[in-house]
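[1] return atomic coordinates for the entry below.
(3 chains)
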Amino acid sequence: MARSTVMLAAALAIALVLPLVLSAFYVVLLIEIAVAALFATAFNLLMGFGGMVSFGHAAYFALGAYAAALLAQKAEWPMLAAFAAAPLVAAFGALVFGFFIVRLTHTYFAMLSLAFAQILYTIIFKWTSLTGGDNGLLNVWPPAFLRSVTAYYYFTLLVIGVCFLALHAIVNSPFGYTLKAIRENPRRARFIGVNVRRHQLCAFVLSGFFSGVAGAVFAFHNGSVFPDFAFFTKSFEPLVVVLLGGMQSFYGPLAGAFGFKVMEWLISRWAPIYWPLFLGAILIVVIVVLPQGFVGLFERRAWRLRPVTGKK
Amino acid sequence: MTTSLFPWITNGPLIVVQVMSGLSVGMFLFLLSVGMSLIFGVTRIVNLAHGSFYMVGAYLMAALIELLPGNPLSFWIALLLAPIGVAILGVVIEITLLRRVYRRDPMMQLILTFALILIIGTLVLLVWGPDNKSVERPEALAGSVRILGQPFPSYYLLVLGLSPLVAVGLWLMFYRTRWGMLVRAATVDREMLGALGVDVSRLYTQVFAFGSWLAGLGGALAAPTVAVALGMDADVLINALVVVVIGGLGSFAGTLISALVVGELQSFGILIFPGVSIVLPFALMAAVLMIRPWGLLGEPEE
Amino acid sequence: MAAATGDREEIVLETQDLRKHFGGVRAVNGVDLTIPYGDLRAIIGPNGAGKTTLFNLITGDLRHESGRVSFRGEEISRLSPDKVCRRGIGRTFQIASVFRRLTVIENVQTALLSHHRRHYNLFADAARLYRDRALTLLDRVGLREQAGKPGGILSHGDQRRLELAIALASEPRLLMLDEPTAGMAPNERHTLMALVARIAADTGLTVLFTEHDMDVVFAVARRITVMHQGCVLAEGTPQEIRRDPEVHRIYLGYTKAR
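    Reported below is the predicted structural model:
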């Protein structure tokens, strides 16, 4: 435990110093890495810790981004107020969608989450009067004191840092233990008195909330929001990040986000057309090469679990 | 009161035509969804790339017609060949990729087919470019006929004529041929079938090829009625998922009923709630899932 | 812990005319069961007699078609399993059912957290909560040394002990054990059931269990209910059951465990 705290402190120190030595371009990349890391960690709350794989998480990212943009631009709220309210909108969306999605498991869960995300995409796309449709919303900028890249970088670091602390606390809390227990054995969880569905819905909403934070941070960084924030290809990102970085650990997605964003940057420089192809190919390679699939990803090398009798 | 909200409600002929066009839309959906449902029933894999197969069918249709211009039969030749092309693509994917994941966690399988969407989408972009394509209706079916005084596109008559043939053909195939019997047996107990000496992996490939063929046929048939463009795969996938989830994964009858209902919903939805009509099938899906979490005629997941 | 005071005549569990069928099969066909306080009741019967189905009906895992289940005087017929647990019924399953990737102590802590209704707490450090109580429970079932290992690597017998500890964490009044000794060596079985009997005596727990090993049954049970094809065939003390001709007839060839 102590070793990782030291490593974290070192990483934090480095992170604080970086904008002073790197050019603006790389600082922008770091901001986007941070956003991706938060999105993926929020996603991993459901996938790695909760055992629920969502194929439509882009919906909550987009809700956060659009809520922030709409409140700041159309309702003319001060940026910080819009920023604070946006994740609540995302959480509400997660509550509404999650209510239906959580009633299902595995395959149906994934498919329904995908379908709901596409509904949201379609609504955003078609409701031009509110969302600007395909043109998106532009001129979504933070107030003057946050407008420089460095300033926004520190803001991002602060927000993402706080969120990571919160998510870390959640994962190690009684709520987190129970969530993991449900992942392991829902039937047994019921028989220690846990209302499994309600617990999963809460996890879903929490995950949506933090995904919304990531979306809001990105909105003000990007200066604009577009419907494809909700498109299913965006839902791929946290999935790839988590698979790359490992869902076993809390910080896996953070590592995965680094790798993912750097790869995206490199490929986009070379031939942006190939990025989805590359993304798909990584996923396939990761899957074909991981012989134990999901279960193997969880297993720590040190322990080999005894197979459950009676299962295939 | 009702007549002002639904001015067309007393307009019998209009209703008939709407119902017919709803049926056509439903049949496109059915062709697309039944393949997905079939593949799931036998291999237990939800092929999320099914929408991509549909899209490839439409693009192949456009490409083949371009290759044979001016020939009055070109439409029909393309209609014959395009689905075969998609079936070939399906076989290649099944043999190289899907075979490796049959024994794996269903989530891994799902992610794999999800990844295929990206790959096929990019390949289509690379081969045919970013522009939309259009496919002309064949001369004989380019106009419209009058049904009870209301105009109705003749092309849809083709769809309406073809579809019951396809549905009956499928039924006959599954319930009256030996191959169909093997497929039905496989949906119930794969291992037993293997133990009886049936080459199950070849059956899987055949089923996957057939399911892809159906998706390609759906895409090829739909090509003259929609914009053949990138992004088609996502739209159509979602529709197929809705149909398949409402009807129940793996149920032929469920897919048929649900495809027709969703088709009608889309057809009438535009009349009643023009702005919101897109959301209606999803609202129906949510409603169905609340009452029957595995779809109307589906089986609980193991 | 001192035995809980209570009316010695208290009926802890009662089912009336419980019925459940699957397709054409009558799995449970009108079962009346009365379990008094402090009983150690064995339910025996050939495979397919309906024992596990009966358990599932009582705990709410399955919906019954007709009949009633009441626990300590209150009807629990339509409650979901988590609510049944909160009323005071603990259960173990036929296949050892623990939280495999959580450590042994985390398994028990999670059960305790839920029992004390703190499982929605988002901020506390769960690793520190109820550690002592969890260790006490693990001590009781003899798993204290293995506290730090993942539940899934325990031997089969130890997993059953862990399951027992998890069930006990919820401080149940009735403990239902579905084939608790299946897959264990004969001496292990006696040890486990002796442990159960001891815990039950110490804490005033009522126990209901299914079992195939007749030696264990006759050693531990106070009363035996024999089921056959969904119905109760006979009920009585071990001596009475031993002498019952009907039971002999059904059980020809079922004298030893599987």
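[2] who in the stretch 51-200 of chain B is up against chain A?
    Residues of the stretch 51-200 of chain B lying close to chain A (Cβ under 8 Å from any Cβ of the partner chain) are B:97, B:100-101, B:104-108, B:110-112, B:114-119, B:121-123, B:125-126. Just so you know, the C-beta spots here come from the backbone N, C-alpha and C atoms, and that holds for glycine as well.
[3] identify the residues contacting the closest residue to A:A15 other than its chain neighbours.
    Leaving aside its sequence neighbours, A:A15 sits nearest to A:L157 (Cβ to Cβ, 6 or more residues apart in numbering or on different chains; 6.0 Å). The contact partners of A:L157, taken as Cβ atoms under 8 Å, 6 or more residues apart in numbering or on different chains, are A:A15, A:L16, A:A34.
[4] one more time with 10 Å
    A:L12, A:A15, A:L16, A:L18, A:P19, A:L30, A:I31, A:A34 (Cβ atoms under 10 Å, 6 or more residues apart in numbering or on different chains).
[5] give me the distance from the strand or helix carrying A:A69 to the chain's centre.
    Using DSSP states H and E, A:A69 sits in helix A:58-73. With Cα atoms, centre = their mean, to the nearest Å as the basis, helix A:58-73 stands 14 Å off its chain's centre.
[6] close to chain B, is the next helix or strand after it?
    Downstream of helix A:58-73, the first helix or strand assigned by DSSP H and E is helix A:79-101. Yes. Residues of helix A:79-101 are located near chain B by Cβ under 10 Å from any Cβ of the partner chain, namely A:V96, A:F97, A:F99, A:F100, A:I101.
[7] and the helix or strand that comes right after helix A:79-101, what's its mean pLDDT?
    Downstream of helix A:79-101, the next assigned helix or strand under DSSP H and E is helix A:106-126. The average pLDDT within helix A:106-126 is 87.
[8] shaky segments in the stretch 151-258 of chain C?
    C:251-258 (pLDDT under 70).
[9] could you pull out the strands for it?
    Using DSSP state E, counting those that start in this stretch, the strands of the stretch 151-258 of chain C run over residues C:174-177, C:206-210, C:223-228, C:231-236.
[10] same list, the ones you listed, but as a markdown table with mean neighbour count and distance to C:G45 please.
    Below are the strands of the stretch 151-258 of chain C laid out as a markdown table (neighbours: other Cβ atoms under 10 Å in any protein chain shown; distance: least, Cβ to Cβ, whole Å):
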| stretch | mean neighbour count | distance to C:G45 |
| --- | --- | --- |
| strand C:174-177 | 25 | 15 |
| strand C:206-210 | 25 | 8 |
| strand C:223-228 | 22 | 4 |
| strand C:231-236 | 18 | 7 |
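[11] next, format those as a markdown table and append distance to chain B.
    Formatted as a markdown table, the strands of the stretch 151-258 of chain C follow (distance: least, Cβ to the nearest Cβ, whole Å):
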| stretch | distance to chain B |
| --- | --- |
| strand C:174-177 | 25 |
| strand C:206-210 | 24 |
| strand C:223-228 | 27 |
| strand C:231-236 | 29 |
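[12] packing partners for the helix or strand encompassing B:F75?
    Using DSSP H and E, B:F75 maps to helix B:74-96. Judged by 3 or more Cβ pairs under 10 Å, 6 or more residues apart in numbering or on different chains; DSSP states H and E, the packing partners of helix B:74-96 are helix B:12-43, helix B:50-67, helix B:106-128, helix B:200-222.
[13] near the residue of the stretch 51-200 of chain C found nearest chain A, how many other residues are there?
    The nearest approach of the stretch 51-200 of chain C to chain A comes at C:G152, 3.6 Å away (Cβ to the nearest Cβ). Neighbour count for C:G152, taken as other Cβ atoms under 10 Å in any protein chain shown: 20.
[14] how about B:P106?
    If we define neighbours as other Cβ under 10 Å, then B:P106 has 19 of them.
[15] nearest residue to residue 230 in space, ignoring adjacent ones along the chain?
    You didn't pick a chain, so chain A it is. Of all residues not flanking A:A230 in the chain, A:A62 sits nearest, at 3.6 Å (Cβ to Cβ, 6+ apart).
[16] chain C, not that one
    Distances taken as Cβ to Cβ, 6+ apart put C:N29 closest to C:G230, at 3.5 Å, once the chain neighbours are dropped.
[17] so which residues of the stretch 51-200 of chain C form helices?
    Counting by DSSP state H, counting those that start in this stretch, the stretch 51-200 of chain C has helices at residues C:51-59, C:81-87, C:104-115, C:131-141, C:156-169, C:186-203.
[18] got those as CSV, with mean neighbour count and distance to chain B columns?
    Below are the helices of the stretch 51-200 of chain C laid out as CSV (neighbours: other Cβ atoms under 10 Å in any protein chain shown; distance: least, Cβ to the nearest Cβ, whole Å):
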stretch, mean neighbour count, distance to chain B
helix C:51-59, 24, 16
helix C:81-87, 20, 17
helix C:104-115, 27, 24
helix C:131-141, 17, 32
helix C:156-169, 23, 23
helix C:186-203, 17, 31
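[19] distance to B:I238 added to these, as a markdown table?
    Output for these, formatted as a markdown table (distance: least, Cβ to Cβ, whole Å):
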| stretch | distance to B:I238 |
| --- | --- |
| helix C:51-59 | 38 |
| helix C:81-87 | 34 |
| helix C:104-115 | 38 |
| helix C:131-141 | 47 |
| helix C:156-169 | 42 |
| helix C:186-203 | 53 |
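[20] what's near enough to touch residue 72?
    Since you didn't name a chain, this refers to chain A. A:78-83, A:85-86, A:137, A:139-143, A:216, A:219-220.
[21] other chain: chain C
    C:R72 sits in contact with C:6, C:10-14, C:37, C:87-89, C:173-174, C:206, where contact means Cβ under 10 Å, 6+ apart.
[22] apply 8 Å and report the result again.
    With Cβ under 8 Å, 6+ apart, C:R72 has these contacts: C:E10, C:I11, C:V12, C:L13, C:R87, C:G88, C:R173.
[23] closest one of the residues you listed to C:N107?
    Nearest to C:N107 among those: C:G88, at 20.3 Å, using Cβ to Cβ.
[24] what about the closest one, neighbour count?
    17.
[25] please name the nearest non-neighbouring residue to it.
    Per Cβ to Cβ, 6+ apart, closest to C:G88 is C:R173, 4.1 Å.
[26] do C:R100 as well
    C:G152 (3.2 Å).
[27] likewise A:R147?
    According to Cβ to Cβ, 6+ apart, the nearest residue to A:R147 is A:W141 (6.3 Å).
[28] ok so, going back, dump the helices and strands packed on helix B:74-96 to TSV, plus mean pLDDT and distance to C:M214.
    Shown next, in TSV, are the helices and strands packed on helix B:74-96 (pLDDT from 0 to 100; distance: least, Cβ to Cβ, whole Å):
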stretch	mean pLDDT	distance to C:M214
helix B:12-43	84	45
helix B:50-67	92	56
helix B:106-128	89	42
helix B:200-222	90	43
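[29] still on that earlier bit, for ChimeraX, write the select line for the buried members of the contacts of C:R72.
    The buried residues among the contacts of C:R72 can be selected in ChimeraX (16 or more other Cβ atoms under 10 Å in any protein chain shown) with this line:
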select /C:11,12,13,87,88,173
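[30] which ones among the contacts of C:R72 lie within strands?
    C:I11, C:V12, C:L13 (DSSP state E).
[31] the second one and C:P36 touch, don't they?
    Yes. With contacts defined as Cβ atoms under 8 Å, C:V12 counts as touching C:P36 at a distance of 6.6 Å.
[32] can you report how many residues lie near residue 99?
    I'll assume chain A. 15.
[33] the intended chain is chain C.
    Other residues close to C:F99 by other Cβ under 10 Å number 27.
[34] next: A:V285.
    That count, for A:V285 with other Cβ under 10 Å as the rule, works out to 11.
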